[in-house]
Structures are given as structure tokens and as C-alpha cells.
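> Fold the stuff below for me.
(chains A and B)
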There are 2 protein chains.
Amino acid sequence: MIRVLLVHDECLVRSVLADWLRREPDLGVEDTAWRSAPGRVRSLRPDVCAADLECADAYGIPPLGELRSRGPGTAPPGLLVLASANRPGLLKRAIEAGALGYVDKEASPEHLVHGIRRVAKGERFVNDSLGFGFLKAAEMPLTRRELSVLSLAAEGASVAEIAGSLHLSHGTVRNYMAAITRKTGARNRIDAIRISQGEGWL
Amino acid sequence: MIRVLLVHDECLVRSVLADWLRREPDLGVEDTAWRSAPGRVRSLRPDVCAADLECADAYGIPPLGELRSRGPGTAPPGLLVLASANRPGLLKRAIEAGALGYVDKEASPEHLVHGIRRVAKGERFVNDSLGFGFLKAAEMPLTRRELSVLSLAAEGASVAEIAGSLHLSHGTVRNYMAAITRKTGARNRIDAIRISQGEGWL
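Numbering: from 1, shown residues only, chains lettered A, B, ... in the order given. The predicted structure is shown next:
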């Protein structure tokens, strides 16, 4: 029996997906929202975490790393993500968190079952249709520092506030913003935020 | 038999939801993405359109009005939406489009089946848990004109570009932006966009 924890922030969708997975006799399925997911991983010790990359809290950034720690002496669960090719920033976060499985939300649901079985064996599973998303994830133009600056700007922080938070001068923050606007091919700061959020960098 | 067209932009979720609905003997279920939905309404003539309010295209604004026109001499389908209380802007759009059913994505999936049956009879169905969302929809602070200005700004347009598009002076656009920032309780223009997108106004 493969113990699966399904993580999705919409209760209605999550319940129906979990029900659908429970039709497979080799899967034991529990489900949870993102905010409770790290605690559920520690208590349930699933073999596989199958997690939607869309997260309703924390400015939309799923706490993927927290899914992969489950106490001393035990292996972390295999991570499978439900992803889409047009959010390469989220794909990049999943790669960095060590996800083994990448199921395209544009694929048929049978891929989810195949993927769970593969990840439970410690094997990779990747939908080919995510290829362009991975390419864009690899090409991600912004540095970690630039992303910090842009994230604060996207929350509505002024140049002075960003400078204060990150211990930078005002001029340095303005230089970062100019570099970000140029690298994202944006027309201005607001356009850079729009582009970066659309691709899932922020 | 109630003919249902399920509209959702994620193929995987849509397929599983449609399968789940097909277990009900009185429902005949077809499914589609938003971009094909208006055409499918015209060809299938469903009794009920059950549509997720999240839309991947058109800056996230679902073309709800187009679901409700299906040619001369025929009644439009009853509209049921899958909604969440924290996107009151999308709820407001559903109200304006004449939706009869409002199912909370945080509710259990059985509500979706009940809702479809009620809407098929021409009756209202509303999950109580959406109440706060409706309250916020009613309190929506921005005028239609202010929303037009803010939408263009959110796409990255400059003051000059917004002025040109809407045939306004630069000063008038700046006055609108100041009013928008004040009314949304935002710290600045970027914060106003963030707040308005978060609530689904844009």
C-alpha cells in the first residue's frame, strides 16, 4: 500500500481528487490544505506527497521545503507536484525542493496515478508537456537578490522601505529595479511585477 | 436528464470533476476549458453551465456573459459558479452575469450536485460560507472608470498610455490613480494593484 498525502487548497477539488485516487487499490490517500500540510506530513509519514503548486497563502509561494522534513531517522516523502508549464517560477521551486514527480495539470488524470506509483519507487516522473516550462525555469533571468527586491515592491513597499528591509541604499534599490525591468523585458516596474507574477517567479 | 457543461481551465481537475458528476444518474455531463466554453454552450445547449470563476486567459476575467447567449428562440443555460469568498470581485461579476448558483470551493463537493439540480429548476443555490464574499462584493469601492484605469496600469501602461487609451488628460489619470490608492487603503499604486487583484476586482 502506498501512503499518499494529497495537498490542494480548494476543498471541493481536493475531496473529489482524493476520492478518485482512492479507487486505486494500492493507494491509501489522505488530503489536506497547504497550511496544514507540514504537520500532516509529520503525523502521517506518507510515502508520497502529491501537491498542487498553487498555494492560497504566503503570497502564493508553496512551502515545498517543509513537506520534505519528517523528523529524525525517517526518510522524507517523495514529492510529486501538480504543475503547469506557464508558471516556470513554481516549477523551479519544485526542482529546488527535490521533487521527483511533475504532473501537468493540462494532462489526463491517469498521469497522476502513474506518477504517484513511480515516485513511491523513488523514480522520476515527468510529463513531456511541461518541457517548455522547464526550459523557461532554466532561463529564469533574475538573481535571488533581485527577486527579494521585486517581492517587496510587489507587496507595495516603497524604495525607502525596501532599502530599509534589505539594508541597502536607496540608489542600490533603484539600480536593482532598473536591472529587473530590463531583464524581464518590462516597460516599467509595474509591468515587471506583472510579468514575474504571471510566470510564477514571485 | 439535466445536461451540464462543466467549465474549468485545468484539464486534470476538470476530467476528475466531470467523472465524479457522471456518477449521478440524472446528470449528463460534458466539460470544456474557458476559451472553448461559449462555442460549446451554443452547440450543446446545456441546461446548466457549472463554471469555475478562475480563468487562465484574459487577465483572469472569465467571459461569463458569453455563456448566457445561445442563439435566437432558446433560453440561456442556468449559470452556477464555483467561487471563493476571498475573490469578491469575481463574485460581483457572477452576480452581474445573472448566475443562479454559487458553490463555495471550500465546501464539500456534494453542494455542487445539489446546486446543479436547483439551478436546473430555475432556483437559486448559495453556500452560506460565501456570505462574507457577497458583503465585500457589495462594498466594492471602485467605479467602473477607476477599474478601467487600474486595469491598464496593472498591465504595465504608463500614465501617458492610459490617458491616450481612455481619452483623458494626464492630470485626470493621476487624479484617478490617487483616488484608487486612497479608496483601496493602499500605500501606493503597486499596492492598489496588489489589493485589487487579490480581491478579484481586476
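> For A:Leu80, which residues are in contact?
For A:Leu80, the residues meeting the contact criterion (C-beta atoms under 8 Å, 6 or more residues apart in numbering or on different chains) are A:48-51, A:99-103, A:112, A:115-116, A:119, A:125. All C-beta spots, glycine's among them, are computed from the backbone N, C-alpha and C.
> Kindly list the main-chain dihedrals of A:Pro62?
phi -70, psi 140 (degrees, to the nearest 10).
> where does it land on pLDDT?
The model reports A:Pro62 with a pLDDT of 86.
> Identify the residue spatially nearest to it, adjacent ones excluded.
Using C-beta to C-beta, 6 or more residues apart in numbering or on different chains and skipping the chain neighbours, the partner closest in space to A:Pro62 is A:Cys55 (3.9 Å).
> Pretty sure the one you found sits against A:Leu67.
No: the pair formed by A:Cys55 and A:Leu67 falls short of the contact definition of C-beta atoms under 8 Å, at 11.4 Å.
> These two: who's more crowded?
Neighbours of A:Cys55 and A:Leu67, each counted by other C-beta atoms under 10 Å in any protein chain shown, are more numerous for A:Leu67; the result is 25 against 21.
> show me what contacts that one?
When contacts are counted by C-beta under 8 Å, 6+ apart, A:Leu67 touches A:7, A:37-38, A:41, A:49, A:51, A:76-77, A:79, A:97.
> same question, A:Pro63
Shown here is A:Pro63, whose contacts under the criterion C-beta under 8 Å, 6+ apart are A:34, A:37-38, A:55.
> From A:Leu150, how far out is the residue nearest to A:Pro62?
Using C-beta to C-beta, to the nearest Å, one gets 18 Å for the distance from A:Cys55 to A:Leu150.
> again, but for A:Gly133
Distance check for A:Gly133 against A:Leu150: by C-beta to C-beta, it reads 20 Å.
> could you pull out the helices for chain A?
Taking DSSP state H as the test, the helices found in chain A are A:11-22, A:37-44, A:64-67, A:88-96, A:110-120, A:131-139, A:144-154, A:159-166, A:170-183, A:189-198.
> who wins for proximity to A:Met1 among these?
When these are compared by C-beta to C-beta, helix A:110-120 sits nearest A:Met1, at 9.9 Å.
> helices and strands around the closest one, which ones?
In this structure, helix A:110-120 makes packing contacts with strand A:2-7, helix A:11-22, strand A:48-52, strand A:78-83, strand A:101-104, strand A:125-126, judged by 3 or more C-beta pairs under 8 Å, 6 or more residues apart in numbering or on different chains; DSSP states H and E.
> Pairing partners for the last one, with directions?
Pointing back at strand A:125-126 there. Using DSSP bridges, strand A:125-126 pairs in its sheet with strand A:101-104 (parallel).
> which of the residues in the partner strand are buried?
Residues of strand A:101-104 classed as buried by neighbour count (16 or more other C-beta atoms under 10 Å in any protein chain shown): A:101-104.
> list the contacts for the closest residue to A:Ser15 other than its chain neighbours?
In space, and not counting its chain neighbours, A:Ser15 is closest to B:Pro109: 5.1 Å by C-beta to C-beta, 6+ apart. B:Pro109 makes contacts with A:12, A:15-16, B:17, B:20, as judged by C-beta under 8 Å, 6+ apart.
> And for A:Leu166, the neighbour number?
Residues lying near A:Leu166 (other C-beta under 10 Å) number 15.
> picking that back up, so which of the contacts of A:Pro63 wins on neighbours?
Most neighbours among those, by other C-beta under 10 Å: A:Ala37, with 24 neighbours.
> Tell me the bridge partners for the nearest residue to that residue once chain neighbours are set aside.
In space, and not counting its chain neighbours, A:Ala37 is closest to A:Val7: 4.6 Å by C-beta to C-beta, 6+ apart. Bridge pairing for A:Val7 (DSSP bridges) gives the partners A:Thr32, A:Ala51.
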